[in-house]
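Peer 1: Have a look; sequence and predicted model below, questions after that.
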Amino acid sequence: MVHLELLYKPVATDRKGSHGRLVVVSNRVPVPTSSAEPLAGGLAIALQAALKTRGGVWFGWSGKVSQDPDPALQVRTFGSISYAVSDLSRRDIDEYYHGFANRALWPICHYRLDLANLSARDASGYFRVNEQFARRLAKMLRPDDIVWVHDYHFIPIASCLRRLGCANRMGFFLHIPWPGPDIAAALPEYDRILRSLAAYDVLGFQTPVDAENFRDCLVHAKAGHIVDGGCCEAYGRRFQVDAFPISIDAEAFAQEARVAERNIVVKRMRASLEGREMIIGVDRLDYSKGVKQRIAAFSAFLERSPQAARGRVTLLQITPKSRSEVPEYAKIQREVAEQVGHVNGKLGDVDWTPVRYINKVMSQSALAGLYRVARVGLVTPLRDGMNLVAKEYVAAQSPENPGVLILSQFAGAAQELEQALIVNPYDVEATADAIARAFAMPLKERKERWSAMMETLRCNSVEAWTNRFLQVLSGDADLQELEPSLPAARSVVRSGAVAESEPWRAASPIWPSLGPSLGH
Ligand SMILES: O=P(O)(O)OC[C@H]1O[C@H](O[C@H]2O[C@H](CO)[C@@H](O)[C@H](O)[C@H]2O)[C@H](O)[C@@H](O)[C@@H]1O
Ligand SMILES: O=c1ccn([C@@H]2O[C@H](COP(=O)(O)OP(=O)(O)O)[C@@H](O)[C@H]2O)c(=O)[nH]1
């Protein structure tokens, strides 16, 4: 059902505790084609649930190119939720999305100054597109709406809306990391970015370290100061800054994994393994995900394993292509393909391919079943905001015989999932050790580690994440009242430290026999 856009004049209010509509702003908008269509992905489902409860609008880019330099807003309404999207011109996509967002903000926020491409044209396109979106959104906003902006594509939209007279409560959640001042200062238009962020009422980051880094940036740039707790003052505004670690619906994912035994992809995978063990990696093909280092670690693990045992393990690497028009992504695509060919050529045999490398997008149902089949989940990003794959892998495991999660210390998820085997992904040898350790791990230890991680996921569900952010943004509660209730990881989340207490860190590598004991 398509409705015409209703126009509302923005009226200034700054009311705390208001319960107007929720307006979610994100670059990608999962517009359903019918009200019966199920959404894919926990985040989309959680945001849709929040929108349904309050009534609201999901606003952003359609994902499509337009020939028109000023494309119209298209609004589709299903029940209490309207999806409002507009196309972008080729030039806007190049400058705003491929350019500034994915060649400047993304690499710098992922600590990759070496990959950053600073272009004044891209910067001006980024701010121009934000201005265009803000003008469209301002026309739709009601005075008591609360606005929740997601991610680095739309940092300036709140300041644009403020200039247009919108005094609504506005919150921003950054899904990617935020580095400390030494690195963040390399961002093009750094002062303008910080100033834009100060236009929000609540700034949410994935981890306490990211939130702390942001506060440091304000202080270091002499732009503002910390008032108390998570409150900051900068550029003449007072706003809340804190960590809101995103999560998944672990129970729903576990249920998906239980029934996915029947999924045809899972059945085919199981059959083709012919009794071999499987390690799984699932990542967009992005240089931040550490896929090259991971394949090198798997290869090192195989090379060190006894000759007869090598052919008993397969790495299934599911890696959909991403942002292929960005040169740095095209490069990593070539490099990984070449590396996989090299490893398979060197170590493979007539009846065994060590790395099964797939560029297809898999359904959540297939992924859930494949995670459950995999004895090891290998999640080794060089830097990642959260990494939901790590959480999904844990949720998908069988309680009677759980697999082992190997997790990079540089994924946001490592601050909660401290019972994973935490590795430095740059250290290929250490990651190979961790693979060996995972295969040698006794069932009792696997169960203990898994139970603790699963409990953490149950406590900090994606629904709890949404509610906590919205309660703070609505002004209904203070942050202190709403700390995430994570049993094992609570102190870790607050302190921002990666756990240092795993006994395996001190232990010498345990090599698996790769004999019958491998049976999962
Ligand atoms: O929209 P794309 O350019 O195709 O990229 C896909 C998404 O990638 C990023 O995901 C991040 O969000 C996850 C959930 O919070 C988090 O776990 C992960 O660490 C991040 O990398 C990006 O932030 C999204 O905006 C993109 O849509
Ligand atoms: O073929 C695929 C690969 C990934 N995903 C999903 O994409 C998300 C990836 O999120 P993550 O936080 O790990 O990384 P991002 O890609 O957002 O940086 C997870 O929910 C995966 O289940 C998927 O549905 N199909």
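Peer 2: Sure thing, it's come through. Ligands and ions are numbered 1, 2, ... in the order given.
Peer 1: secondary structure class for residue 57?
Peer 2: strand (DSSP: H, G, I helix; E, B strand; the rest coil).
Peer 1: Now that it has come up, it's in contact with residue 84, right?
Peer 2: Yes - here residue 57 reaches residue 84: they are 5.6 Å apart, a contact under CB atoms under 8 Å. Bear in mind the C-beta positions are built from the backbone N, C-alpha and C, glycine included.
Peer 1: any residues in contact with both of these two?
Peer 2: residue 140 (CB atoms under 8 Å, 6 or more residues apart in numbering).
Peer 1: just the strands in the stretch 251-400 of the chain please.
Peer 2: 277-282, 313-318, 355-358, 376-379 (DSSP state E, counting those that start in this stretch).
Peer 1: Show the pLDDT at the residue in the stretch 201-350 of the chain positioned nearest to ligand 1.
Peer 2: Closest contact between the stretch 201-350 of the chain and ligand 1, by CB to the nearest ligand atom, is at residue 246 (4.4 Å). On the pLDDT scale, residue 246 is placed at 96.
Peer 1: Which residues are in contact with it?
Peer 2: By CB under 8 Å, 6+ apart, residue 246 lies in contact with 43, 173, 175, 206, 385-386, 388, 462, 465.
Peer 1: 10 Å - rerun?
Peer 2: 42-43, 46, 173, 175, 204, 206, 385-388, 391, 412-413, 460, 462, 465-466, 469 (CB atoms under 10 Å, 6 or more residues apart in numbering).
Peer 1: got it, and residue 407?
Peer 2: 377-381, 384, 387, 389-390, 393-394, 413-414, 417-423, 425, 434, 453, 498.
Peer 1: one step back: check for me that the residue of the stretch 201-350 of the chain closest to ligand 1 belongs to a helix.
Peer 2: No - assignment of residue 246 by three-state DSSP gives coil, placing it outside any helix.
Peer 1: helix or strand right after the helix or strand hosting residue 128?
Peer 2: Residue 128 is part of helix 120-140 when elements are defined by DSSP states H and E. Counting by DSSP H and E, the next helix or strand C-terminal to helix 120-140 is strand 146-150.
Peer 1: pretty sure residue 368 is touching residue 253, no?
Peer 2: Yes - here residue 368 reaches residue 253: they are 6.1 Å apart, a contact under CB atoms under 10 Å.
Peer 1: Overlap in contacts, these two.
Peer 2: 392-393, 395-396.
Peer 1: Filter those down to just the ones in helices.
Peer 2: The members of the shared contacts of residue 368 and residue 253 that map onto helices under DSSP state H are 392-393, 395-396.
Peer 1: tell me the SS of residue 179?
Peer 2: coil.
Peer 1: dump the residue contacts of it.
Peer 2: 108-111, 113, 185-187, 209-210, 213-214, 216-217, 383.
Peer 1: Restricted to helices, list these.
Peer 2: Short answer: these in helices (DSSP H) are 108-109, 209-210, 213-214, 216-217.
Peer 1: Closest one of these to ligand 2?
Peer 2: The closest of those, once distances to ligand 2 are taken by CB to the nearest ligand atom, is residue 109, at 11.9 Å.
Peer 1: Am I right that the closest one is in contact with residue 178?
Peer 2: Yes - the criterion here is CB under 10 Å, and residue 109 meets it with residue 178 at 6.2 Å.
Peer 1: Overlap of the contact sets of the two?
Peer 2: 152, 184, 210, 213, 385.
Peer 1: In this structure the third one contacts residue 385, no?
Peer 2: Yes - in terms of CB under 10 Å, residue 210 counts as a neighbour of residue 385; the distance is 7.8 Å.
Peer 1: related to what we said a few turns ago, elements contacting the helix holding residue 128?
Peer 2: Packing partners of helix 120-140 (3 or more CB pairs under 10 Å, 6 or more residues apart in numbering; DSSP states H and E): strand 22-28, strand 56-66, strand 81-89, helix 90-92, helix 157-163, helix 190-197.
Peer 1: all helices of the stretch 351-500 of the chain, in order?
Peer 2: Using DSSP state H, counting those that start in this stretch, the helices of the stretch 351-500 of the chain run over residues 364-373, 388-396, 428-440, 443-459, 462-474, 490-495.
Peer 1: Show me which positions of the fifth one end up buried.
Peer 2: This means helix 462-474. Judged by neighbour count using 16 or more other CB atoms under 10 Å, the buried positions of helix 462-474 are 462-470, 472-474.
Peer 1: For the residue in the stretch 401-520 of the chain that ligand 1 sits nearest to, give its distance to residue 211.
Peer 2: Among the residues of the stretch 401-520 of the chain, residue 412 lies closest to ligand 1, at 6.3 Å counting by CB to the nearest ligand atom. Note on residue 412: its distance to residue 211, by CB to CB, to the nearest Å, is 11 Å.
Peer 1: Could you pull out the residues contacting both of those two?
Peer 2: 205, 243.
Peer 1: Please say which of those two ends up with more neighbours.
Peer 2: Neighbours were counted for residue 412 and for residue 211 using other CB atoms under 10 Å; residue 412 has more, 26 against 22.
Peer 1: And the more buried one, how far from ligand 2?
Peer 2: Residue 412 sits 9 Å away from ligand 2, going by CB to the nearest ligand atom, to the nearest Å.
Peer 1: Over to residue 243?
Peer 2: For residue 243 relative to ligand 2 (CB to the nearest ligand atom), the value is 16 Å.
Peer 1: and that residue, how many residues sit next to it?
Peer 2: 22.
Peer 1: and it, backbone torsions?
Peer 2: phi -90, psi 130 (degrees, to the nearest 10).
Peer 1: you'd agree it is up against residue 210?
Peer 2: Yes - counting by CB under 10 Å, residue 243 touches residue 210, with 6.8 Å between them.
Peer 1: now check stretch 344-362, is it near ligand 1?
Peer 2: No - on the criterion CB under 6 Å from any ligand atom, stretch 344-362 is out of touch with ligand 1, staying 10.8 Å away.
Peer 1: What parts of the stretch 251-400 of the chain come near ligand 1?
Peer 2: 322-323, 384-388.
Peer 1: Most neighbours among these, which one?
Peer 2: residue 384 (29 neighbours).
Peer 1: list the contacts for it?
Peer 2: 110, 175-177, 206, 283, 286, 288-290, 390, 407-408, 410-414, 425.
Peer 1: and residue 426, how far is that from ligand 2?
Peer 2: Distance of residue 426 to ligand 2, given as CB to the nearest ligand atom: 19 Å.
Peer 1: and the closest residue to that residue other than its chain neighbours, how many neighbours?
Peer 2: The shortest distance from residue 426 to any non-neighbouring residue, by CB to CB, 6 or more residues apart in numbering, is to residue 293 (6.4 Å). For residue 293, the count of nearby residues is 20 (other CB under 10 Å).
Peer 1: Apart from its chain neighbours, what residue comes closest to residue 337?
Peer 2: Once flanking residues are discounted, residue 337 sits nearest to residue 357: 7.4 Å by CB to CB, 6+ apart.
Peer 1: What are the neighbouring residues in contact with the one you found?
Peer 2: Contacts of residue 357 (CB under 10 Å, 6+ apart): 281, 291, 295, 315-319, 336-337, 339-341, 343-344.
Peer 1: tell me, which of the residues you listed make contact with ligand 2?
Peer 2: residue 318.
Peer 1: what's the closest of the contacts of residue 357 to ligand 2?
Peer 2: Distances from ligand 2 to those, taken as CB to the nearest ligand atom, are shortest for residue 318 (5.3 Å).
Peer 1: Help me confirm that the closest one comes into contact with residue 360.
Peer 2: Yes - Residue 318 is in contact with residue 360 according to CB under 10 Å; the separation is 7.4 Å.
Peer 1: overlap in contacts of these two?
Peer 2: Joint contacts of residue 318 and residue 360 (CB under 10 Å, 6+ apart) are residue 366.
Peer 1: out of the two, which sits in the more crowded spot?
Peer 2: Shown here are residue 318 and residue 360; by other CB under 10 Å, residue 318 has more neighbours (19 against 10).
Peer 1: which residue packs closest to that one, ignoring adjacent ones?
Peer 2: residue 282 (4.7 Å).
Peer 1: ok, now residue 24?
Peer 2: Going by CB to CB, 6+ apart, residue 24 has residue 58 as its nearest residue, at 4.7 Å.
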